[in-house]
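Asks: mind looking at a prediction? Sequence and model below.
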Number of protein chains: 2
Amino acid sequence: MSVAPLRVGLLGLGTVGQGVIRVLQRNADEITRRVGRPVVVTHASARDTSKAREVSLEGITILTDPMDIAAKADVDVVVELIGGTTYARDLVLAAIARGKPVVTANKALLALEGNAVFSAAREKGVLVGFEAAVAGGIPVIKAIREGLAGNRIEALAGIINGTCNYILTQMTEKGQAFADALADAQRLGYAEADPTFDVEGVDAAHKLTILASIAFGMPLNFDAVAVEGITKVTPQDIKIAQALGYRIKHLGIAKRTDSGAELRVHATLIPEDKLIAKVDGVLNTVLLQGDAVGQMGLYGRGAGGDATASAVVADLVDVARSIGAEARHLVPALAFQPDAVRALPVLPLDQVASAHYLRINVADETGVLKAITAILAELDISIEAILQKEPRGGEDATVAVITSVIPESRFNQAVARVRSLPFVREDVSRFRVEHF
Amino acid sequence: MSVAPLRVGLLGLGTVGQGVIRVLQRNADEITRRVGRPVVVTHASARDTSKAREVSLEGITILTDPMDIAAKADVDVVVELIGGTTYARDLVLAAIARGKPVVTANKALLALEGNAVFSAAREKGVLVGFEAAVAGGIPVIKAIREGLAGNRIEALAGIINGTCNYILTQMTEKGQAFADALADAQRLGYAEADPTFDVEGVDAAHKLTILASIAFGMPLNFDAVAVEGITKVTPQDIKIAQALGYRIKHLGIAKRTDSGAELRVHATLIPEDKLIAKVDGVLNTVLLQGDAVGQMGLYGRGAGGDATASAVVADLVDVARSIGAEARHLVPALAFQPDAVRALPVLPLDQVASAHYLRINVADETGVLKAITAILAELDISIEAILQKEPRGGEDATVAVITSVIPESRFNQAVARVRSLPFVREDVSRFRVEHF
């Protein structure tokens, strides 16, 4: 066995990049004992080479252009932590073209360009590790791709954006409005200055795209994901959901049904006694439903330098083992053999069946329930739970219902008709409900 | 790539064996798409070949002596589901001697004979897969051995015996006594006719032995595990624990401290707001503490034909990929390279530091608290929580305390002195407390 170190070229020296260096240094002995050879960062790129870092860069050659590292002969594996989908793509493809395995935490790149990246890697017979791209340190890619390899995976649902989960948890525990919880999250570093990608669900949709592909054996198909964020969730809805025995969580959901796949990201009511409803704060969790394993889940830290580095280093260990192995010995990037990855029709939202939550505020209570229940009955929508609150102080009266599982198109009709009732206020609120 | 099927020889046609056949048949298409070749059971052993089974045995050659399969030339991999540690050991070693990879769910065999088994497998360059040996379908072996390969794993704690978890959950939810909950579990098939191995903690200790080895890089050392079951847990203790904000769970715990490893299996009080405290019924869960990933957990079905088969088949997929690969491409059986597996001193229980729960029933309340707190103060034991219940009806008064973290030897002294107080009843109850 070779005892020469695995030489890692690190593109990007931000939080995660420094985490990778720190973890590899701190655990050098343990990692060497596992791998049989040291894993060492020999090169790193940083735009500002003079900036002070929290880790020792001794022995690491720092370059300003990451391309100089991706193309370097004396680097065995490239870790891409630049982010973005343009230069990052060029870097990853350049490394692969030179026969170098790649490890990346870049979910946007994989969700949008992954099919091309994996195809290039396959041709060169190199691994592209991306455990860090979804749910930080939680080894969910490995769990799906290898741990559940015997299953037909029927569904998965994940709290895969820590920013959204933190904000919703604060809104639930403190009764805060979205904007206030967001401001707190920004102050604590849990949300970016421009939080759009997180709170509008785009980041979760990137991750869901990856999870759905490896679970169902379909090509990466980000454009097919229905994406909603959490900006419409109000403290009032959270309170009503609690009164009905539910929590509101932002979920990425992928299901496989007879008519096709569902890929959707949105705020969702979940029964409060489910474990997934109890994963709070910045934690992430993924629930998996396989035909053999039944339901199983993972939870842990979805972000942060060290937690994400944990996943990057796990991939580096896999890479160290894979170098020189024939393709048949490698785990395929998308879990299924490339020639067995098959497109699945993705259902448009209005064909998706689920239970729904509807909350309306009404000017005057009389006749409201009767009118609403009449509309639902006419559309053959059963009511699973209902809550009516009398007006108090200057507030309106409130009616909230949870429906049975119905096609969304039918629920849309119901909402349109309820909205047009004379006593109903503007801000009708609706969310999907999942019981798992 | 070879498209010849991977030929599986199945030793044992019980619940799990039939589950393996069922899952491989039902998911044949998906599994082939993942592996690149079919995975097919060609031979199986059963003591009674005429017995009716719930799965189709068409195309499978059934033999009565499993050794005839373990030694067969036209079997590529042997799945050992016989159980026990004598003939099972011979079978596994015979298969390895013939260069066949082995997949086993046999935690007793690995805990007791694993060092020899893995050594033999290493010499022959074949995999021994044992994902099914711990926590059924939950891929916890893979999570520790590969997913957290970048971490120094500091501690783990698991609900790894479904029988104990079911009984404790019933006792908690219904107020049942241990014997009644056990009888229910037996009626439902969650406990064996002779439940000793489960309720006395031996099964959990087998599993903990395996988890600790792959987490810490130490040889399998079953004899070093301190083993307690759940037979001393009473409904009264469960109620008092709840009043103090705790649940009682049966845990396998492994920790690495500066002075050595702790390996222990026992009923434990856990704060009720921890996710691990909320994993109820027959479910299993494992909590992992790594220096990079922080805390993460997995949960799911720890037993049952299909769930265990899920893990067996995942191992078969790994085996299919590994055949013909050089040793450097394989994941080492105990996570660390064989020459890097190092014995760790295991602390005797009286040197283990933890918080403790002590409950005493007393004949007369006067002076009790003062006497108990005086003893604890003299031994420099802080009280973190205390509950005193006045006598009601014919019942005694009760005092329960939760201590700070102290060496167990000191707590033992305190218990001895409390016991000798004149008003204290016979049945003093004590359990360790973990806050995670």
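Replies: That came through, no problem.

Asks: what parts of the stretch 301-436 of chain A come near chain B?
Replies: A:301, A:304, A:306-307, A:309-314, A:316-318, A:321-322, A:324-332, A:335-337, A:340 (C-beta under 8 Å from any C-beta of the partner chain). C-betas here are computed from N, CA, C, even on glycine.

Asks: where exactly do the strands run in the stretch 51-200 of chain A?
Replies: With DSSP state E, counting those that start in this stretch as the definition, the stretch 51-200 of chain A shows strands at residue ranges A:61-63, A:77-80, A:102-104, A:128-129, A:153-159.

Asks: now the stretch 301-436 of chain A
Replies: With DSSP E, counting those that start in this stretch, the ranges of strands along the stretch 301-436 of chain A come out as A:353-362, A:383-389, A:397-403, A:406-407, A:429-433.

Asks: which one of those strands lies closest to residue A:68?
Replies: Closest to residue A:68 of the strands of the stretch 301-436 of chain A, according to C-beta to C-beta: strand A:429-433, at 48.0 Å.

Asks: tell me which other helices or strands that closest one touches.
Replies: helix A:235-243, strand A:260-271, strand A:353-362 (3 or more C-beta pairs under 8 Å, 6 or more residues apart in numbering or on different chains; DSSP states H and E).

Asks: swap in 7 Å and give it another go.
Replies: Strand A:429-433 sits against strand A:260-271, strand A:353-362, with contacts defined as 3 or more C-beta pairs under 7 Å, 6 or more residues apart in numbering or on different chains; DSSP states H and E.

Asks: so the shortest one versus strand A:397-403, what angle?
Replies: Between strand A:353-362 and strand A:397-403, the angle comes out at 170 degrees (axes from the mean of the first three to the mean of the last three C-alpha atoms, to 10 degrees).

Asks: got a list of contacts for strand A:353-362?
Replies: A:237, A:240-241, A:269, A:368, A:384, A:396-408, A:411, A:415, A:418, A:423-425, A:427-435 (C-beta atoms under 7 Å, 6 or more residues apart in numbering or on different chains).

Asks: restrict it to CA atoms and write it as PDB.
Replies: Output of strand A:353-362 as PDB, limited to C-alpha atoms (Å, rounded to 0.1, in the frame of the first residue of the first chain):
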ATOM      1  CA  ALA A 353     -52.400  14.900  -4.200                       C
ATOM      2  CA  SER A 354     -51.900  16.000  -0.600                       C
ATOM      3  CA  ALA A 355     -53.900  17.200   2.400                       C
ATOM      4  CA  HIS A 356     -54.200  21.000   2.700                       C
ATOM      5  CA  TYR A 357     -54.500  23.700   5.400                       C
ATOM      6  CA  LEU A 358     -56.700  26.700   4.700                       C
ATOM      7  CA  ARG A 359     -57.000  29.600   7.000                       C
ATOM      8  CA  ILE A 360     -59.300  32.600   6.400                       C
ATOM      9  CA  ASN A 361     -60.000  35.600   8.400                       C
ATOM     10  CA  VAL A 362     -63.600  36.800   8.200                       C
END
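
Asks: what ranges do the helices span in the stretch 151-300 of chain A?
Replies: A:162-174, A:178-187, A:196-199, A:202-216, A:235-243 (DSSP state H, counting those that start in this stretch).

Asks: and of these, who's closest to residue B:17?
Replies: helix A:202-216 (27.0 Å).

Asks: anything in that closest one near chain B?
Replies: No - with C-beta under 7 Å from any C-beta of the partner chain as the criterion, chain B is not reached by helix A:202-216; the gap is at least 9.4 Å.

Asks: that helix packs against which elements?
Replies: helix A:107-124, strand A:153-159, strand A:246-257, strand A:260-271.

Asks: for the longest one, which positions count as buried?
Replies: Translated: helix A:107-124. For helix A:107-124, a neighbour-count test (16 or more other C-beta atoms under 10 Å in any protein chain shown) marks A:107-115, A:117-118, A:120-122 as buried.

Asks: as CSV, these with distance to chain B and pLDDT would be great.
Replies: Below are the buried residues of helix A:107-124 laid out as CSV (distance: C-beta to the nearest C-beta, whole Å; pLDDT from 0 to 100):
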residue, distance to chain B, pLDDT
A:107, 18, 98
A:108, 23, 98
A:109, 22, 98
A:110, 18, 98
A:111, 21, 98
A:112, 24, 98
A:113, 23, 98
A:114, 18, 98
A:115, 17, 97
A:117, 20, 98
A:118, 15, 98
A:120, 19, 98
A:121, 17, 97
A:122, 12, 96
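
Asks: pick out the most distant pair among those.
Replies: A:108 and A:122 (21.2 Å).

Asks: need the contact list for residue A:376.
Replies: A:383, A:414.

Asks: oh sorry, the question was meant for residue A:309
Replies: Per C-beta under 7 Å, 6+ apart, neighbours of residue A:309: A:16, A:19, A:20, A:23, B:150, B:292.

Asks: what does the stretch 151-300 of chain A put close to chain B?
Replies: Contacts of the stretch 151-300 of chain A with chain B, taken as C-beta under 7 Å from any C-beta, map to A:151-152, A:217, A:275, A:278, A:290-300.

Asks: what do you get if the cut-off is 8 Å, keeping everything else the same?
Replies: A:151-152, A:217, A:275, A:278-279, A:290-300.

Asks: just the ones of those residues in strands?
Replies: A:290, A:294, A:295, A:296, A:297, A:298, A:299, A:300 (DSSP state E).

Asks: check the residue sitting furthest away from the middle of chain A and give its pLDDT.
Replies: Distance from the centre of chain A peaks at residue A:366, with 43.9 Å (C-alpha atoms, centre = their mean). Residue A:366 is assigned 75 on the pLDDT scale.

Asks: distance of it relative to residue A:420?
Replies: In this view, residue A:366 and residue A:420 are 18 Å apart by C-beta to C-beta, to the nearest Å.

Asks: can you count the residues close to residue A:188?
Replies: Residue neighbour count, defined by other C-beta atoms under 10 Å in any protein chain shown, stands at 11 for residue A:188.

Asks: ok, which of the strands of the stretch 301-436 of chain A comes nearest residue B:209?
Replies: With C-beta to C-beta as the measure, strand A:429-433 is the member of those nearest residue B:209 (43.5 Å).

Asks: starting at the chain centroid, how far to the closest one?
Replies: Put simply, strand A:429-433 sits 20 Å off its chain's centre (C-alpha atoms, centre = their mean, to the nearest Å).

Asks: again with stretch A:36-52
Replies: Stretch A:36-52 has its C-alpha centroid displaced from the chain centroid by 28 Å (C-alpha atoms, centre = their mean).

Asks: same question for stretch A:17-28.
Replies: 25 Å.

Asks: for it, buried residues please.
Replies: A:17, A:18, A:19, A:20, A:21, A:22, A:23, A:24, A:26, A:27.

Asks: mind checking which of those land in helices?
Replies: Mapping the buried residues of stretch A:17-28 onto helices (DSSP state H) picks out A:17, A:18, A:19, A:20, A:21, A:22, A:23, A:24, A:26.

Asks: quick check, the third one in contact with residue A:308.
Replies: Translated: residue A:19. Yes - using C-beta atoms under 8 Å, residue A:19 is in contact with residue A:308, at 6.2 Å.

Asks: gap between residue A:128 and chain B?
Replies: According to C-beta to the nearest C-beta, to the nearest Å, residue A:128 and chain B sit 16 Å apart.

Asks: mind listing what that residue touches?
Replies: A:92, A:96, A:101, A:102, A:103, A:104, A:117, A:118, A:121, A:333 (C-beta atoms under 8 Å, 6 or more residues apart in numbering or on different chains).

Asks: can I get the helices of the stretch 151-300 of chain A in JSON lines including mean neighbour count?
Replies: Formatted as JSON lines, the helices of the stretch 151-300 of chain A follow (neighbours: other C-beta atoms under 10 Å in any protein chain shown):
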{"stretch": "helix A:162-174", "mean neighbour count": "22"}
{"stretch": "helix A:178-187", "mean neighbour count": "17"}
{"stretch": "helix A:196-199", "mean neighbour count": "19"}
{"stretch": "helix A:202-216", "mean neighbour count": "27"}
{"stretch": "helix A:235-243", "mean neighbour count": "18"}
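
Asks: thanks a lot, catch you later.
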